[in-house]
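Enquirer: got a predicted structure plus its sequence, pasted below:
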Amino acid sequence: MILVRADGNARIGAGHLMRCMTIMEEVKKMVGDREILFVCADEDSARTAKDRGFRAVTLESDYRDPEGELPCWEKLTEAYPGQHTILVDSYFVTASYLAALKKFCRKLYLMDDLQEKSYPVDGVINYNVFADPALYARMYEGQDTELLLGSRYVPIRPEFLHHRVEPSREVKQVLITTGGGDADNIGGRILEAIYRERITFHLVAGRFNPHLEELNAFARLHPNVQIHSNVSDMAGLMAQCDLAVTAGGTTIYELAALGIPFFCFSYAQNQEALTRYIGDHRIAGYCGAWHLDATGALTNIVREFDCACDDFTLRQRWHCSEKELIDGLGARRLAEHLASI
């Protein structure tokens with residue numbers, strides 16, 4: 001059985017859960033859903049997995065204190081005996097936690113976006129385009145650790161490969177997405193800053209967004225604004241837009257797979273490397289780090305928005321650069337690897 005240790009809530013967003021579920025959807029095709037179990041700190045996280053058709057259990061623990069949940073793993077593995085593979089996706093893990101977790105499984109894999117230190121695991125997954133193989137080789141020198149690195153492992157859902165999108169000469173529809181939590185209402189602030197009556201705006205507010213009523217109130221006053229919550233067809237929504245503004249994360253790769261011209265920013269440290277890479281390599285637009293300078297990032301977003309709306313050649317260039325970033329088969333590659341263990 002594959003046990004997936006991941007959480008999603010208003011503070012950390014749903015990204016960890018979403019990317020793990022994307023991988024497990026592919027695993028399900030290979031081994032069936034009875035061989036997959038999501039292990040979550042709280043019921044909100046578990047419900048997200050259950051809503052996608054997965055089995056999930058709740059540890060009733062603090063997602064920020066993984067070591068405190070270790071006694072729960074004793075009971076969990078008694079309830080689900082066998083030789084398990086565990087996939088962990090959390091920024092709060094410690095080396096001691098992972099070392100203790102190894103006794104509950106045959107193989108232990110870690111999703112790692114930060115590439116800052118080595119951990120006592122059997123495999124590391126960093127699907128980001130900026131993942132540095134030489135750096136990982138040095139960090140894990142002397143350890144028998146599998147390294148699954150680079151954009152060939154980006155886990156996006158198959159539907160992002162089913163749309164053929166070409167840049168539009170006029171920007172008529174714009175997507176704004178800032179993650180599943182957005183406790184600081186970044187999406188709402190961006191919407192107000194770039195709002196134009198002639199454009200239809202689509203703002204994605206995830207299930208953990210605490211400002212949903214405020215956003216809906218704005219939309220009621222502005223008929224050209226649509227608030228999307230619990231989106232079931234994100235690929236279809238993206239495909240109908242001519243331009244997007246997004247925070248860092250898997251959404252960047254989804255937009256790239258479709259070829260939707262976008263500009264991005266980071267709102268947490270773990271998003272900085274990807275968004276900077278996008279800007280440094282001119283793959284798309286980059287507007288800075290919101291968490292370090294919100295005013296500066298918002299100013300950049302407004303300027304980039306106006307520039308992109310007026311420059312069809314720029315949007316064409318972004319479209320072509322984005323399409324070269326990934327091939328969309330990463331989830332299947334990871335699933336084949338995990339299912340074969």
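Expert: Cool, got the structure.
Enquirer: low-scoring stretches of the protein, by residue?
Expert: Where the chain drops to pLDDT under 70, the residues are 180.
Enquirer: tell me which element residue 88 is part of?
Expert: For residue 88, the enclosing helix or strand under DSSP states H and E is strand 85-89.
Enquirer: direction included, what does that strand pair up with?
Expert: Based on DSSP bridges, the pairing partners of strand 85-89 within the sheet are strand 2-6 (parallel), strand 107-111 (parallel).
Enquirer: residues contacting it, please?
Expert: The contact list for strand 85-89 (C-beta atoms under 8 Å, 6 or more residues apart in numbering) reads 1-6, 16-17, 19-20, 23, 98, 101, 104-111, 121, 338, 341. Where C-beta positions appear, they are placed from N, C-alpha and C, glycine not excepted.
Enquirer: any of these buried? List them.
Expert: Among the contacts of strand 85-89, those buried by neighbour count (16 or more other C-beta atoms under 10 Å) are 1-6, 16-17, 19-20, 23, 98, 101, 104-105, 107-111, 121, 338.
Enquirer: distance check, the residue nearest to residue 152 when sequence neighbours are not counted against residue 131.
Expert: Residue nearest to residue 152 in three dimensions, not counting chain neighbours: residue 330, with 6.1 Å by C-beta to C-beta, 6 or more residues apart in numbering. In this view, residue 330 and residue 131 are 12 Å apart by C-beta to C-beta, to the nearest Å.
Enquirer: give me the more crowded residue out of those two.
Expert: Set residue 330 next to residue 131 and count neighbours by other C-beta atoms under 10 Å: residue 330 wins out with 25 against 21.
Enquirer: can you give me the neighbour number for residue 51?
Expert: 12.
Enquirer: try residue 299
Expert: Residue 299 - counted by other C-beta under 10 Å - has 14 other residues nearby.
Enquirer: just the CA atoms of the helix or strand in which it is found, as CSV, please.
Expert: Secondary structure assignment for residue 299, by DSSP H and E: helix 294-310. Provided in CSV are the C-alpha atoms of helix 294-310 (Å, rounded to 0.1, in the frame of the first residue of the first chain):
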residue,chain,number,x,y,z
ALA,A,294,3.7,43.5,-1.2
THR,A,295,3.5,47.1,-2.4
GLY,A,296,6.3,46.6,-4.9
ALA,A,297,4.9,43.3,-6.1
LEU,A,298,1.5,44.8,-6.6
THR,A,299,3.0,47.8,-8.5
ASN,A,300,4.9,45.3,-10.7
ILE,A,301,1.7,43.3,-11.4
VAL,A,302,-0.2,46.4,-12.5
ARG,A,303,2.7,47.4,-14.8
GLU,A,304,3.1,43.9,-16.2
PHE,A,305,-0.6,43.5,-16.7
ASP,A,306,-0.8,46.8,-18.8
CYS,A,307,2.2,45.8,-20.8
ALA,A,308,1.0,42.3,-21.6
CYS,A,309,-2.4,43.5,-22.6
ASP,A,310,-0.9,45.9,-25.0
